[in-house]
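Engineer: pasted the sequence and its predicted model underneath.
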Amino acid sequence: MKKRISRILISAVFLMLASGSIADISARDRNEFRFWQGSELRLIWGAVPFDAVTLNHGIDKDYGLYGYGTIAGGIADSRYYGGDGYLSGAVGLTYTYRFRKWFELSGVVTYSGYYRDYFDKYTGNLAFKSNDNQISVMPYVRFVWVHTNLVRLYSGIGLGVSFLTETWNHSTSMTLLPAFALTPIGITVGTYVYGIAEVSLGNTGTFSLGIGYKF
């Protein structure tokens, strides 16, 4: 009797395991879980990027236009005043290729800028413009840890270079800087055309929203 019960239990466990395996295979073959290699384009805007433009002008204060406390600088500063300053945030264009369900490689180009006009205190006329423009280029690796045709959750990291141009009172300088992006979590929702939301640290913005196209 005991042997018969043992055989029945063993058979039941075996059937449960077999049916679970068949169900798992069936789920993986369903259309919503299928993977195919291909390309994507993304257009993203990120708020408060961690870059030279935002770090220099995120808190928009005048510390002296010219002399930083010198007599000559004080005289020059007394003639001009700055209007409102504007930060563009990070505008990014990304090309991605999906190599595996869990692995994607991208090339990211990001722009961020700062714009401010300075005026003559005595005439009120525009005296000159202050513009900072930063363009970043970096390869970016994305690791997808939840993948369906409708929703993807992922993390990513990128490292590259930035070209910063600073225009001040009709003179321009250029600086080469490192660029990076670290994304703890990002999500896409949609199939061929999809929405994007990311939380990141780096040149792409602290919080980003965008749209993508899969082909």
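Structural biologist: Nice, I can see it.
Engineer: can you give me the strands for the chain?
Structural biologist: Remark: strands assigned in the chain by DSSP state E are 38-47, 80-87, 90-98, 103-120, 126-147, 151-168, 171-190, 193-202, 207-214.
Engineer: got any ranges where the chain has weak pLDDT?
Structural biologist: 1-33, 58-77 (pLDDT under 70).
Engineer: try 50
Structural biologist: When the per-residue scores of the chain are filtered using pLDDT under 50, the ranges that remain are 1-2, 5-6, 8-28, 60-69, 72.
Engineer: list the contacts of G210.
Structural biologist: With contact set as Cβ atoms under 8 Å, 6 or more residues apart in numbering, G210 has these partners: 42-45, 92, 195-196. In short, each C-beta sits where N, CA and C put it, glycine included.
Engineer: just the buried residues of those residues.
Structural biologist: Under a neighbour-count criterion of 16 or more other Cβ atoms under 10 Å, the subset of the contacts of G210 counted as buried comprises 42, 44-45, 92, 196.
Engineer: could I get those residues as TSV with distance to H147?
Structural biologist: TSV is the format used below for the buried ones among the contacts of G210 (distance: Cβ to Cβ, whole Å):
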residue	distance to H147
R42	17
I44	20
W45	25
G92	22
I196	15
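Engineer: which one of those residues sits closest to S106?
Structural biologist: Compare each of those with S106 using Cβ to Cβ and the shortest gap goes to R42, at 8.0 Å.
Engineer: the closest one and M174, how far apart?
Structural biologist: Here the criterion is Cβ to Cβ, to the nearest Å. By it, R42 lies 28 Å from M174.
Engineer: can you check Y115 too?
Structural biologist: When Cβ to Cβ is the yardstick, Y115 and M174 sit 18 Å from each other.
Engineer: of those two, who's got more company?
Structural biologist: Set Y115 next to M174 and count neighbours by other Cβ atoms under 10 Å: Y115 wins out with 17 against 9.
Engineer: now that one: closest residue in space that isn't a chain neighbour?
Structural biologist: Closest residue to Y115 in three dimensions, ignoring its sequence neighbours and counting by Cβ to Cβ, 6 or more residues apart in numbering: Y86, at 4.9 Å.
Engineer: dump the residue contacts of the one you found.
Structural biologist: Taking Cβ under 8 Å, 6+ apart as the contact definition, Y86 lies against 114-116.
Engineer: number of nearby residues for L105?
Structural biologist: Neighbour count for L105, taken as other Cβ under 10 Å: 13.
Engineer: okay if I get the strands of the chain as TSV plus distance to H57?
Structural biologist: Output for the strands of the chain, formatted as TSV (distance: least, Cβ to Cβ, whole Å):
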stretch	distance to H57
strand 38-47	14
strand 80-87	6
strand 90-98	14
strand 103-120	5
strand 126-147	7
strand 151-168	11
strand 171-190	15
strand 193-202	17
strand 207-214	19
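Engineer: I'd like to know how many residues surround N125.
Structural biologist: For N125, the count of nearby residues is 7 (other Cβ under 10 Å).
Engineer: ok, the one 3 residues further on next?
Structural biologist: Look at F128: counted by other Cβ under 10 Å, it has 16 neighbours.
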